[in-house]
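> here you go, sequence then predicted model.
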2 protein chains.
Amino acid sequence: MAKIAVLGYGTIGSGVAEVLRVNHDLIAEKAGEEIEIKYILDLRDFPGDPLEDKVVHDFDVIANDPEVSVVVEAMGGVEPAFTFAKQALLAGKHFATSNKALIAARGADLFEIANEKGLNVMFEASVGGGIPIIRPIFSSLTADDILEISGILNGTTNYMMTKMAEEGSDFDDVLKDAQQKGYAEADPTADIEGHDACRKIAILTSLVCGKQVDFEEIHTEGITHISATDIQYAKAMGRAIKLLAMSRKAEHGYAAMVAPFMLKSSHPLFSVKDVFNAVFVNGNVLGEAMFYGAGAGKLPTASAVVADVVDIVRHKGAGNQMGWSKEKAVLADEKELSFAYFVRTTVDQAAVEKVFGEVEYVSAGIEGEIAFVTPVMDGAAFAAALDQLDGVLQCIRMD
Amino acid sequence: MAKIAVLGYGTIGSGVAEVLRVNHDLIAEKAGEEIEIKYILDLRDFPGDPLEDKVVHDFDVIANDPEVSVVVEAMGGVEPAFTFAKQALLAGKHFATSNKALIAARGADLFEIANEKGLNVMFEASVGGGIPIIRPIFSSLTADDILEISGILNGTTNYMMTKMAEEGSDFDDVLKDAQQKGYAEADPTADIEGHDACRKIAILTSLVCGKQVDFEEIHTEGITHISATDIQYAKAMGRAIKLLAMSRKAEHGYAAMVAPFMLKSSHPLFSVKDVFNAVFVNGNVLGEAMFYGAGAGKLPTASAVVADVVDIVRHKGAGNQMGWSKEKAVLADEKELSFAYFVRTTVDQAAVEKVFGEVEYVSAGIEGEIAFVTPVMDGAAFAAALDQLDGVLQCIRMD
């Protein structure tokens, strides 16, 4: 019998309890022994809850109980999660978390302690919710030079972009709809400005390059400037606008960014709709692969957390230690990457061609503007060209 | 330095050598030491090949060399692959293979020996080529009751179905085209009759249920009866016809089959085109997930084989032993599963409705026949109803 403690009894924490209850027997079979929640740490009490008597308010109770072999963190945020994680590891307990903010900011510190102590830090649920992606990158994609890892990593914004495409609605309307459905929070900034996706691509990039990426160095654009008009143009080209979190190998290392992209219909991420997430990988020998599934939600995320616990219990800590070193990753400038760009402007074709040379014009029946696709060019060249063009209404990368 | 032997220097075997050469340094970093091919076993010689001097013709040279820690098998077929695999394990060597026929037929025997000897048998490349699927099922999807695992597991037939859909061509024409392109063999039976996909779904089902599935018990239909007319109807319904290999939980265990399905556009496998493969998983807490990529080909398949070798070397055999027990899996009758069926017949609506009650008719402008979709019914009920209907031209499951 493996005894675990769950920190935070909100959506994910209670999901972990539910998964362990619903699939109790098969999880015991996979893990080699039963897994039981001994403590739940939360500020609140949960009278009437089946696990009511497991609730404690003091982390020391957990840290000091030698029976607890795994601590599961589902509180979110960097603190006090980091302090608890560190304390758990120093007390000889394995650690599993769904917390992207914690892993993006302090992952390497935790891996270091875990390595010293022969313990595991697992974080499959921190990116892509229930989609197995952390473990496959670490354990399966080991023969490849990863040229690109890109994902639709935020369900809220993907739901919004899908809704805008399907209904032709404007940004503000779909945001209200997403908030009503509970997909977007009252303060939607972290989703719509790309901050959530930014932390997730920082984690994937760290994993791929083996060093700690500083997420604050990642160029991050949100979707707030995407309009129904942009969607009309995308449709006219048979494309979809998606908020991508991308890391692509440039001459001087990985260049990472979060930005809206107009994807062609043959791109594996084109068909990823609604709140679903997907991660696209391009390896130098593997070629293209994609991992798709529910990127958030109580049970899918809890499924990944519990799978981490099963992995730990099954191998008694001797299994794969995933992670990366404390060395700081040096990211390449995202302007090193080359794309074609979709541009809308109020000036005429002559003005456009003076700056960009031959371009491909796009018509979507919109008055008072013209739209075109530039040749493939790197970010620096595009920025320089754009400086010389007046009346620019929009520009979106294409892939 | 880990020394390995490669059995068979054909497409996959030479791919393994190429991947180890091209990505030598990063593979050494991931594995914790360099990986070097010491022997290549083949009937032929390869004068001028960079590894010419590694070629041997007698397996005993490999089995008796204590320096060889991993044997990689890329010959295909059950024998002599099984004999060599067994001999390698008995000589204390880990074993990695891309051979679906071997694992489907004798996997449990090999896992048993490996477990007794504390060795690994790895077979990531046996299903879905380069797509990580075996390891994710075994190591990541451990918190779920797997309700369904289905895949597009044969690239040749998926290329053919894609071509038929895109060009409206008939079966014989696309088969010729696939043969010319090298996607289909001179004798295409194993692909177009579903035998290849059958072995792969047998492996996935064994992995999910933990017992040895007898692939000969899996209901297997190919695509030879699919016509351009069927594709026209599928298009009229916004659907695609795909050869699926499916295992779905029924009342009495997993029911497995290989058969063409008409998939709706929202199905994750709908957009999988050309020679690509994908595996769809539905877990009771995870929900829907999909793994997509190159299902065959020299380098993608070799990428998966080498990743297995890296896993073995990295953990010195102490890592995950994947596999299943020798106990025979009892499969449920595939007729227990319920689907709606697409049916074409030469009789009139009155005759159809007398047998099936209310149905949904489909028009694709074809003269001399009618087509309809039945209500959702189990396979036994459908078979009984079909017996009473005259003039049946076609029936295809829908999902």
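Okay, I see it.

> correct me if wrong, but A:Phe372 is in a helix.
No. Under DSSP: H, G, I helix; E, B strand; the rest coil, A:Phe372 falls outside any helix and is assigned strand.

> check which helix or strand covers A:Glu185.
When secondary structure is defined by DSSP states H and E, A:Glu185 falls outside every helix and strand.

> can you name the residues of the stretch 101-250 of chain A sitting close to chain B?
Remark: the part of the stretch 101-250 of chain A in contact with chain B comprises A:124, A:130-132, A:135-136, A:139-145, A:210, using CB under 8 Å from any CB of the partner chain. Yep, even glycine has a C-beta here, placed from its N, CA and C like the rest.

> could you dump those to CSV with neighbour count?
Rendered in CSV, the data for those read as follows (neighbours: other CB atoms under 10 Å in any protein chain shown):
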residue, neighbour count
A:Glu124, 29
A:Gly130, 31
A:Ile131, 31
A:Pro132, 30
A:Arg135, 22
A:Pro136, 25
A:Ser139, 26
A:Ser140, 28
A:Leu141, 25
A:Thr142, 24
A:Ala143, 30
A:Asp144, 30
A:Asp145, 17
A:Gly210, 14
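
> please name the bridge partners of the closest residue to A:Leu41 other than its chain neighbours.
Spatially, and ignoring its direct neighbours in sequence, A:Leu41 is nearest to A:Leu7 (4.6 Å; CB to CB, 6 or more residues apart in numbering or on different chains). Using DSSP bridges, the beta-bridge partners of A:Leu7 come out as A:Leu41, A:Glu73.

> and A:Leu7, what does it touch?
In this structure, A:Leu7 makes contact with A:13, A:40-41, A:59, A:62, A:71-75, A:81, A:84, judged by CB atoms under 8 Å, 6 or more residues apart in numbering or on different chains.

> how about a cut-off of 7 Å?
For A:Leu7, the contacting residues are A:41, A:71-75, A:84, taking CB atoms under 7 Å, 6 or more residues apart in numbering or on different chains as the criterion.

> what pLDDT does it get?
What the model reports for A:Leu7 is a pLDDT of 98.

> ok, and the most crowded of the contacts of A:Leu7?
Highest neighbour count within the contacts of A:Leu7: A:Val72, with 31 neighbours (other CB atoms under 10 Å in any protein chain shown).

> I'd assumed A:Val16 was in contact with that residue.
Yes. With contacts counted by CB atoms under 7 Å, A:Val72 reaches A:Val16, the gap being 5.9 Å.

> mutual contacts of the two, please.
Common neighbours of A:Val72 and A:Val16, using CB under 7 Å, 6+ apart, are A:6, A:305.

> show me the beta-bridge partners of the residue nearest to A:Asn120 when sequence neighbours are not counted.
With CB to CB, 6+ apart as the measure, A:His94 is the residue that lies nearest to A:Asn120, at 4.6 Å, once sequence neighbours are left out. According to DSSP bridges, the partner residues bridging A:His94 are A:Val70.

> so which of the residues of the stretch 101-250 of chain A next to chain B sits lowest on pLDDT?
Of all those, the model is least confident about A:Ser139, whose pLDDT is 92.

> my read: that residue touches B:Arg135, true?
Yes. Using CB under 7 Å, A:Ser139 and B:Arg135 qualify as a contacting pair, with a distance of 5.9 Å.

> and stretch A:294-303, average pLDDT?
Throughout stretch A:294-303, pLDDT has a mean value of 94.
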